[in-house]
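1. Build me a model from this:
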Amino acid sequence: MTSPSIPETSSTPAAGTSGPAPEPAAGGESAVHPWTRYVAIGDSFTEGIGDPNPRSPGGHRGWADRVAEELARTRDGFAYANLAIRGRLLNKIIEEQLEPAIELHPDLITICAGGNDVIRPGGDPDKLAEKMDAAVGRLVSSGATVVLFTGPDLGATPVIGSVRGRVAVYNENLRTVAARHDAVIADMWALRQLSNREMWAPDRLHFSPLGHHTIAAMVLETLAVPHTLEPLEPRPMPVKNWRTARTEDLTWAREYFMPWVVRRVRHQSSGDGISAKRPDAGPMFGGPGMPPGSAD
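-> Okay, the predicted model is just below:
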């Protein structure tokens, strides 16, 4: 069985070797990575929900934009497309985004899908993995480097934490899928910083700007790409009495959880009527000679 691989360059250590992080190139600029065209597909996580920014297409930035900003810094002609749409289930992502992504001729593809399915009642992590296996096989056959994401550890998340076991099983299935197809795993389950509440948006379903920043750094490090995203420490959370905590939980349930439940009952999606924020591969802010992105 082969291990997930990343195209080797002078900045990327050969598979199976270990050593220090790649050194910056001459002139203090980060070493050039091998990718010129990146396409991100998925749901709200990849669209960037939870990381609002009016200057970003669609009004949200997110980890994928942050990764693209860093990749664009050292690669002339770098292009990026983001086809992700909030609320999409795995079948819809495969039907609507897979072939359009391949038609953009990327050499790097990220796919995070199945999370919305897993947290729904009856979500079967084994059946979902079978669908992902076929999808990843198709993406890999295009010749691109393909990155998969494990789901985060939801153990401390109210209500949603009850599906932690299903997420863990799906994650193990995804590792098998990645190994079968020589894909790369971006491991959010192992990213223990995500257990801090400041990593999450007020809806407790999506990541905050800090969470997206932290995940972007993890993705770049997984790809062995030097970057400028400094680790950011969450502020200490204030101690709350039980009344305050209870009030916050009730407010969250009313404003976020119940609307989510109602959409499930009505078979509606938060992405109904929403289109991809970057449907075409184009230049990215942060290219050579432009300032890099930073966390808000």
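
2. make it CA atoms for all contacts and neighbour counts henceforth
-> OK.

3. Now do the strands in the stretch 151-296 of the chain.
-> Remark: strands assigned in the stretch 151-296 of the chain by DSSP state E, counting those that start in this stretch are 184-187, 278-282.

4. Buried residues, the last one. List them.
-> So that's strand 278-282. Neighbour-count burial for strand 278-282 flags 278-281 (criterion: 16 or more other C-alpha atoms under 10 Å).

5. Would you mind giving the strands of the stretch 151-296 of the chain as TSV with distance to Arg37 and mean pLDDT added?
-> Below are the strands of the stretch 151-296 of the chain laid out as TSV (distance: least, C-alpha to C-alpha, whole Å; pLDDT from 0 to 100):
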stretch	distance to Arg37	mean pLDDT
strand 184-187	17	98
strand 278-282	7	79
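
6. Tell me which of these lies nearest to Val163.
-> Proximity to Val163 (C-alpha to C-alpha) singles out strand 184-187 among the strands of the stretch 151-296 of the chain, at 18.0 Å.

7. Counting by contacts, list what the closest one packs against.
-> Strand 184-187 sits against strand 145-150, helix 164-181, helix 209-222, with contacts defined as 3 or more C-alpha pairs under 8 Å, 6 or more residues apart in numbering; DSSP states H and E.

8. How many neighbouring residues does Leu232 have?
-> 11 (other C-alpha atoms under 10 Å).

9. What ranges in the stretch 1-150 of the chain fall below the confidence cut-off?
-> Applying pLDDT under 70 to the stretch 1-150 of the chain flags the ranges 1-31.

10. Tell me which stretches of it form strands.
-> For the stretch 1-150 of the chain, strands defined by DSSP E, counting those that start in this stretch occupy the ranges 37-42, 79-82, 108-112, 145-150.

11. Columns mean neighbour count and distance to Val219 on top of the ones you listed, output as TSV?
-> TSV is the format used below for those (neighbours: other C-alpha atoms under 10 Å; distance: least, C-alpha to C-alpha, whole Å):
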stretch	mean neighbour count	distance to Val219
strand 37-42	27	12
strand 79-82	26	16
strand 108-112	23	10
strand 145-150	24	9
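
12. Distance to Arg88 added to these, as a markdown table?
-> As requested, the strands of the stretch 1-150 of the chain are arranged in a markdown table below (distance: least, C-alpha to C-alpha, whole Å):
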| stretch | distance to Arg88 |
| --- | --- |
| strand 37-42 | 7 |
| strand 79-82 | 14 |
| strand 108-112 | 11 |
| strand 145-150 | 16 |
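
13. Would you agree Ser208 is in contact with Met199?
-> Yes: using C-alpha atoms under 8 Å, Ser208 is in contact with Met199, at 5.3 Å.

14. about what we covered before: out of the strands of the stretch 151-296 of the chain, the one nearest Ala72 is which?
-> strand 278-282 (10.8 Å).

15. packing partners for the closest one?
-> For strand 278-282, the elements it packs on are strand 37-42, strand 79-82, judged by 3+ C-alpha pairs under 8 Å, 6+ apart.

16. Dump these into CSV; add distance to Gly59 as well.
-> Output for the helices and strands packed on strand 278-282, formatted as CSV (distance: least, C-alpha to C-alpha, whole Å):
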stretch, distance to Gly59
strand 37-42, 17
strand 79-82, 13
